[in-house]
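J.: need a structure here:
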Amino acid sequence: MRTKTICEKWKILTTINHQYKGESKMKPFVLVLLLGILPVSLAAQTDTVNVPSDAGSGGNLNTAISNVITADPTGAQLSNTVFKLDAGGLYILTGVITTPPHSHLYIVGPNPGNTQATALPQIVWTVNGGVTTTYNFDCYGDLTMKNIWILCGTTNGTQIGSSMVIEDDTASNTNGTGEHLYMDGCIIDYQDIGNGGGAIEPACQHFRGYITNTYFRNLTDTHYRYYGRPVSWVYASTTWHTDSLVFENCSITNVGYGYMQESPEYGDYVSFNHCTFLNTIVFTLESSYWWWLSVNNCVFHNSFLFGDTPSGDGTNMTPNGGAINIDSASGFGALLPPIPFTDNPTADPSLQRHILFTNSSYSYDQWYYDFLAHDAYNDTASEANKIHTMPMMSAKTYRFFAGKDSATGKKLWPYINLANLYPLDTATTAYNRVTSYSATYDPGFILPPTNIDSIKGFLMGRWVTGANINWAYQPNSDAAGTWPLSEDLSYTNTTLMAASMGGFPLGDLYHWWSSQPSIYANWAAQKATEHAKISNELTTGDLTAVKAQPTTVPGRFDLAQNYPNPFNPTTTINYSVPKSGTMTLKVYNLLGQEVATLFSGVQQAGNHAAVFDASRLASGVYFYRLEAGTNSVTKKLVLMK
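T.: The predicted structure follows:
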């Protein structure tokens, strides 16, 4: 059933909580004009196709999308269509859904409720044989999903390792827009090794992902400890690249890796804000190929359960670290493309690495300490081969955060910083193994999705027995589409409940605090301020709450280039006025229409800063103008979403 609506895609995209920095990688050589990222204007007409829930053999979603593509193989009509699924609906894929080059696929469901009838619509695979299931969605353009439950399994619960792949789009590479994934309010469930990548597989040269309010759960492989990943390239792939990847208010539970950058490739900008990580078998954030990395307001619990073995730590006896790992840029080897950044602290700031790790906790359950103290492997292993808990980070990694020049006492890497970590009472807390349980920083989850015995069996299988164990949490309930989910990752630790920026709980605020709805609402009301704070600390290395402006009266009227630029959705504009007087600072679109007034009134002489929040505007080029009397300066900025 097809209906006409006004601005349907705009409504979808503006409800997706895009992160503060997005595609702004701060590389001068890529500050190009990225226009047309949002393909629909505010006045556009959009088709809506209401897709009914499947009965029988399924295929309704396949048919609906195929019909639109058949009517217009160029993908233009597809890009102008929203596919709406039913609340509590079941959508059985009968084949891979492949989209044409340069197109944009939109699939949305209603906001979920607390009954089975108001569950997220679930997309699953048919049980019929002869169907290629490598990918569930093979997109040669952009993909937007909102309020959708993707189960990587069949209707009878058989696990299927399908990926959503974002393929290379030559036109997007040429015009500089890149390939986009927008995901909000979704569940990605039960994916294993699959194609050797992640549940979301970038296979393009300029991947840009925005993942908000999304739950990755049970990405478990019965054999491989290092597979089951939310986002990852395929192993040993080349030429693919991530420009930016943002996770905000996401939960990632029961996975092989939390996030994986497969060698020999790397990402320019990766961000995690208010995310909850629980039960990661190996790396939570891997690898060490970070240029711009921002990790803030997160909970890391039961990370790197495979453990740390002294004999496996190399000649320097350096563990990997369970939360974050940083290596020297000079040791990265032949990455593709070759890295444009350096560890040289005297290099231009845009060429240095910017890493921010703040307001986050790291802990293990009591059962894990007890298991390591008395298990069939450790009871007979030599001291060098015993399994220990993995520290938050290695001493090598900590040196990047805290290393100082012995002669001057200044930080060696001024743009690599940490603050407000739990625990981090002393310098060695970060990289020394914690050998006994403490409730101090254990969140105390209300009902974690943890099958303790299955996890123990899987670990023993990897350490010694070779047994393959399904350690997913309640996979049969997933296949049945049982709603609401039984787990609850709200928690009781009062320290962590007020430990994030702004005094909110650490971790995912979207999924787990429904009993206190004001928590998420109040966070959302101030998120632009939080984003601006994180952006400032990441880009400047200044972790003070407010960066004071110099008190010296400037000698001339001046308007600085906004920073960051491009930006999403906030940026800072610095300006100077040599004498007090009436002035305005305004923002205009390409048609010369005023879209924002940042200041209008009497401004005192001095150096000033204004924060421009463009969360309500479309991507594109804008101009900002400072006027005072006969003085006027105009500069250009680029908003990328």
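
J.: Which stretches in the stretch 351-500 of the chain count as helices?
T.: For the stretch 351-500 of the chain, the helices defined by DSSP state H, counting those that start in this stretch cover 366-373, 395-402, 452-460, 475-480.

J.: again, but for the chain
T.: Remark: helices assigned in the chain by DSSP state H are 8-15, 60-71, 76-79, 170-175, 366-373, 395-402, 452-460, 475-480, 518-540.

J.: Single out the most deeply packed of the helices of the stretch 351-500 of the chain.
T.: Of all those, helix 395-402 has the most neighbours on average by mean count of other CB atoms under 10 Å, namely a mean of 20. Where C-beta positions appear, they are placed from N, C-alpha and C, glycine not excepted.

J.: In CSV, list the helices of the chain along with distance to Ile193.
T.: CSV is the format used below for these (distance: least, CB to CB, whole Å):
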stretch, distance to Ile193
helix 8-15, 32
helix 60-71, 25
helix 76-79, 31
helix 170-175, 29
helix 366-373, 24
helix 395-402, 28
helix 452-460, 14
helix 475-480, 16
helix 518-540, 34
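
J.: and these as CSV, adding mean pLDDT and distance to Phe300?
T.: As requested, the helices of the chain are exported to CSV (pLDDT from 0 to 100; distance: least, CB to CB, whole Å):
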stretch, mean pLDDT, distance to Phe300
helix 8-15, 40, 29
helix 60-71, 98, 36
helix 76-79, 96, 39
helix 170-175, 86, 34
helix 366-373, 96, 13
helix 395-402, 90, 14
helix 452-460, 97, 16
helix 475-480, 93, 24
helix 518-540, 91, 18
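
J.: my guess is Asn279 contacts Tyr257, does it?
T.: No: contact between Asn279 and Tyr257 fails when scored by CB atoms under 8 Å: they sit 11.9 Å apart.

J.: between the two, what contacts are shared?
T.: Listed as contacting both Asn279 and Tyr257 by CB atoms under 8 Å, 6 or more residues apart in numbering is no residue at all.

J.: dump the residue contacts of Cys204.
T.: Neighbours of Cys204 in contact, by CB under 8 Å, 6+ apart: Ile166, Glu167, Asp168, Asp169, Ser172, Gly178, Glu179, Trp240, His241.

J.: tell me which of these is nearest to Phe445?
T.: Ile166 (32.6 Å; CB to CB).

J.: Check what pLDDT the nearest residue to Pro578 once chain neighbours are set aside gets.
T.: Counting by CB to CB, 6 or more residues apart in numbering, Pro554 is the residue found nearest to Pro578 once chain neighbours are left out, at 5.5 Å. Listed pLDDT for Pro554 reads 74.

J.: how far away is Pro554 from Ile573?
T.: In this view, Pro554 and Ile573 are 15 Å apart by CB to CB, to the nearest Å.

J.: Repeat that for Ala498.
T.: 32 Å.

J.: the more surrounded of those two?
T.: Ile573 (23 against 12; other CB atoms under 10 Å).

J.: got a list of what the more buried one touches?
T.: Leu559, Ala560, Asn562, Leu585, Leu598, Ala609, Ala610, Val611, Phe612, Tyr624.

J.: Now do the residue nearest the centre of the chain, the pLDDT please.
T.: Centroid check for the chain by CA atoms, centre = their mean gives Phe247 as the closest residue, at 2.0 Å. Looking at Phe247, its pLDDT stands at 97.

J.: per-residue confidence at the nearest residue to Thr597 once chain neighbours are set aside?
T.: Nearest residue to Thr597, sequence neighbours excluded (CB to CB, 6+ apart): Lys586, at 5.2 Å. We have a pLDDT of 93 for Lys586.

J.: I'd guessed Lys586 sits against Gln593; true?
T.: No: using CB under 8 Å, Lys586 is not in contact with Gln593, being 10.6 Å away.

J.: Looking at those two, which one has more neighbours?
T.: Using other CB under 10 Å, the more surrounded residue of Lys586 and Gln593 is Lys586, with 17 against 8.

J.: can you pull the contacts of the more buried one?
T.: So Lys586 contacts Glu594, Ala596, Thr597, Leu598, Ser600, Tyr624, Arg625, Glu627 (CB under 8 Å, 6+ apart).

J.: and if you look at Leu447?
T.: The contact partners of Leu447, taken as CB under 8 Å, 6+ apart, are Ser486, Glu487, Asp488, Leu489.

J.: Beta-bridge partners for it, please?
T.: Beta bridges link Leu447 to Asp488 when assigned by DSSP bridges.

J.: What distance do you get for it to Ile252?
T.: Distance, Leu447 to Ile252, by CB to CB: 17 Å.

J.: swap in Arg399?
T.: Noted for Arg399: a distance of 27 Å to Ile252, by CB to CB.

J.: and what of Gln526?
T.: 24 Å.

J.: Comparing the two, which residue is more hemmed in?
T.: Neighbours around Gln526 and Ile252, counted as other CB under 10 Å, are more numerous at Ile252. The numbers are 28 against 13.

J.: Grab the nearest non-local neighbour of that one.
T.: Closest to Ile252 by CB to CB, 6+ apart is Phe216, at 4.7 Å.

J.: Pretty sure Ser576 is one of the things the residue nearest to Pro578 touches, is it not?
T.: Yes: between Pro554 and Ser576 there is a contact at 3.8 Å, judged by CB under 8 Å.

J.: Counting neighbours, go ahead and name the busier of the two.
T.: Ser576 (19 against 16).

J.: Tell me who's in contact with the more buried one.
T.: Pro554, Arg556, Phe557, Asp558, Gly606, Asn607, His608.

J.: So in terms of bridging, what pairs with it?
T.: Under the criterion used (DSSP bridges), Ser576 bridges to Asp558, Asn607.

J.: quick one, strands of the stretch 201-350 of the chain?
T.: All strands of the stretch 201-350 of the chain, identified by DSSP state E, counting those that start in this stretch, fall at 207-212, 215-219, 242-248, 251-255, 259-260, 267-273, 276-280, 285-286, 290-296, 299-301.

J.: Ile123: which of those is closest?
T.: strand 215-219 (14.8 Å).

J.: In the sheet, which strands lie alongside the closest one, parallel or antiparallel?
T.: Strand pairing for strand 215-219, using DSSP bridges, gives strand 187-189 (parallel), strand 251-255 (parallel).

J.: Could you export those strands as CSV, including mean pLDDT?
T.: Converted to CSV, the strands paired with strand 215-219 look like this (pLDDT from 0 to 100):
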stretch, mean pLDDT
strand 187-189, 98
strand 251-255, 98
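
J.: Tell me which of the ones you listed sits most buried.
T.: By mean count of other CB under 10 Å, those have strand 251-255 as the most buried, with a mean of 27.

J.: Grab the CA positions of that one and hand them over as PDB.
T.: Output in PDB follows, covering the C-alpha atoms of strand 251-255 (Å, rounded to 0.1, in the frame of the first residue of the first chain):
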ATOM      1  CA  SER A 251      24.500  -1.500  24.300                       C
ATOM      2  CA  ILE A 252      26.900  -4.200  23.000                       C
ATOM      3  CA  THR A 253      26.500  -7.400  24.900                       C
ATOM      4  CA  ASN A 254      27.700 -11.000  24.400                       C
ATOM      5  CA  VAL A 255      30.100 -10.400  21.500                       C
END
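
J.: what angle sits between that strand and strand 276-280?
T.: Inter-element angle recorded for strand 251-255 and strand 276-280: 0 degrees (by axes from the mean of the first three to the mean of the last three CA atoms, to 10 degrees).

J.: which stretches of the stretch 1-150 of the chain aren't confidently modelled?
T.: Within the stretch 1-150 of the chain, the set of residues satisfying pLDDT under 70 comprises 1-45.

J.: Share the number of residues neighbouring Gly109, please.
T.: 26.

J.: any idea how far it lies from Arg208?
T.: Taking CB to CB, one finds Gly109 at 23 Å from Arg208.

J.: if I read this right, Asn111 contacts Asn147, doesn't it?
T.: Yes: Asn111 lies in contact with Asn147 (CB under 8 Å); the separation is 6.1 Å.
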